[in-house]
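Student: Need a 3D model of the following:
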Amino acid sequence: MLEHLARKWTRKEKQTVQEEVDLSGKIPEHVAVIMDGNGRWASMRSLPRVAGHRAGMKTVKNVVKAADEIGVRYITMYAFSTENWKRPRDEVDFLMKLPQEFLSTELDELIERDVRIRMLGSKDELPSHTLKALLEAEEQTRDNRGLQLNFALNYGGRDEIVKAFSIIAEQVKAGKLDPKDLDEEVISRYLYTSEIPDPDLLIRTSGEIRLSNFMLWQLAYTEMWFTDVLWPDFTREHFYQAIVEYQGRARRYGAV
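Tutor: Sure thing, here's the model as predicted:
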């Protein structure tokens, strides 16, 4: 009986959290997510780290659905940084197989939901099977007009900025760009996110409070929401908690 009441109470609490989201109010157009805590989640269960990554993959699916249901237009998942190549070889190999595994099971449903998939990051160094899976997903969803799901893979904020300035320098050298015309809009044009608005909300799980080289240019005025919850334990209710808190904030962009 007590167990039944506990389940009923939990369901009610979850409904309340989702219902607190004001669908007629301020829904973030772009949510960026640092998915952190997979390894710790696995260690706490005496499992190999890769088990945490696999569990985290299921969370991606649930959060994408939750975002789509309230009208978020873009969601960017920080899947693999330019620094993550330093991890053990077997873990890197597993992570490089995850996009293929995720898309092989979820792509059909994502297409049904009109989701468009894009990759943000350097294609250099990516194994051919990883790149092939992502490019095929991009191609199959290129005409979709629903939520855009961005996977930041082999992505680093500093690397992105360096690459952008390298292209700009070549443009200047070739006489195609006047240095006097260089402004924020021009620089943004050469980033991986050139066709995407800056994130309105950043979510980071696992209790870490730092950016870890993620979207350093784009997060200048982004609202940030941190939680101790590890990524595999992160639910749609946690996602809606972040949205509700975002809706309660006033964004001033330096004004009063």
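Student: Which helix or which strand is home to residue 22?
Tutor: Under DSSP states H and E, no helix or strand contains residue 22.
Student: Report how many residues lie close to the nearest residue to it once chain neighbours are set aside.
Tutor: Nearest non-adjacent residue to residue 22, counting by Cβ to Cβ, 6 or more residues apart in numbering: residue 247, 5.6 Å away. All C-beta atoms are positioned from the backbone trio N, CA, C, and that covers glycine. Neighbour count of residue 247, defined by other Cβ atoms under 10 Å: 15.
Student: Now residue 247: phi and psi?
Tutor: Main-chain torsions, residue 247, degrees, to the nearest 10: phi -70, psi -20.
Student: Can you tell me the number of residues neighbouring the closest residue to residue 62 other than its chain neighbours?
Tutor: Take residue 62 and drop its neighbours on the chain: the residue closest to it by Cβ to Cβ, 6+ apart is residue 236, 5.5 Å away. Residue 236 has 19 neighbours, counted by other Cβ under 10 Å.
Student: pretty sure residue 236 contacts residue 68?
Tutor: No: applying Cβ atoms under 8 Å as the test, residue 236 and residue 68 come out as separate, 10.8 Å apart.
Student: contacting residues for residue 82?
Tutor: By Cβ atoms under 8 Å, 6 or more residues apart in numbering, the contact list for residue 82 reads 121-122, 154-156, 159, 213.
Student: now residue 67: how far from residue 89?
Tutor: 33 Å (Cβ to Cβ, to the nearest Å).
Student: check which helix or strand covers residue 153.
Tutor: Going by DSSP H and E, residue 153 is part of strand 148-155.
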